[in-house]
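# let me see the structure of the following:
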Amino acid sequence: MAKVTDIMLLQQPEQMAIIVERCADMNSLGQHIGEGFMRIGTYLKEMNELPSDIPFVEYPAYEEMTTDKIQMVIGFYTANPLPDKGDMRSIIIPSRKVVVCLHKGSYDELANLYNEMAAWIKIKGYEPTGTSVEHYYTGPEVPEKEHVTRVVMPLK
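As a prediction, this is how the structure comes out:
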């Protein structure tokens, strides 16, 4: 498949989130993400809170990732600030300009979209922060070719 929307420039409002930070290799990436989503989901239920958007994984330095070292911030957006619990932290993501595109297909195909978005950013004269955020509309029970992911690249 590939991208299902145009690449767009948006102003993202300030957002609250509850997160856990992890470092993994490519082989354990899915396991860490799944465990992070489950832990945060359980915590939200304990706090009687609903997420305010779909789950996300931020890659703080995606251009520097290797298959052996992938830094991740796993989280859910929240409507209210929540108390920290263990390694789960409540954060505020400041308002920022972002470049966004929706993708349908295997996660393995996302590299092509990343390259296209990076080229778009350069052509338009913007400067990326080096961070990317993937928002997951579908879970592991959905066939790979049907996965829907929103890719967000914040700008400086």
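# ok, and the closest non-adjacent residue to residue 58?
In space, not counting the residues next to it along the chain, residue 58 is nearest to residue 73; the distance is 4.0 Å by C-beta to C-beta, 6 or more residues apart in numbering. In this view, the C-beta of every residue, glycine as well, is placed from N, C-alpha and C.
# hang on, isn't the one you found packed against residue 55?
No - in terms of C-beta atoms under 8 Å, residue 73 does not count as a neighbour of residue 55; the distance is 11.5 Å.
# all strands of the protein, in order?
Secondary structure of the chain (DSSP state E): strands located at 2-3, 8-12, 15-24, 56-59, 70-78, 89-93, 96-104, 132-136, 148-154.
# for residue 150, see how far away residue 3 is.
Between residue 3 and residue 150 the computed distance is 11 Å (C-beta to C-beta, to the nearest Å).
# that older thread, quick one: which of the strands of the chain is nearest residue 49?
In terms of C-beta to C-beta, the element of these nearest to residue 49 is strand 70-78, at 6.1 Å.
# buried sites along the closest one?
70, 72-78 (16 or more other C-beta atoms under 10 Å).
# and what of stretch 108-123?
Along stretch 108-123, the positions that meet the burial threshold by neighbour count (16+ other C-beta under 10 Å) are 109-110, 113-114, 117-118, 120-121.
# relative to residue 30, which of the residues you listed is nearest.
residue 110 (13.7 Å).
# show me the contacts for that closest one.
Listed by C-beta atoms under 8 Å, 6 or more residues apart in numbering, the contact partners of residue 110 are 103, 134, 149, 151.
# confidence score at the first one?
Per-residue confidence for residue 103 comes out at a pLDDT of 96.
# please verify my assumption that it contacts residue 113.
Yes - the pair residue 103 and residue 113 qualifies as a contact (C-beta under 8 Å) at a distance of 5.1 Å.
# what residues are shared contacts of these two?
Applying C-beta under 8 Å, 6+ apart, one finds that residue 103 and residue 113 are jointly contacted by 2-3, 151.
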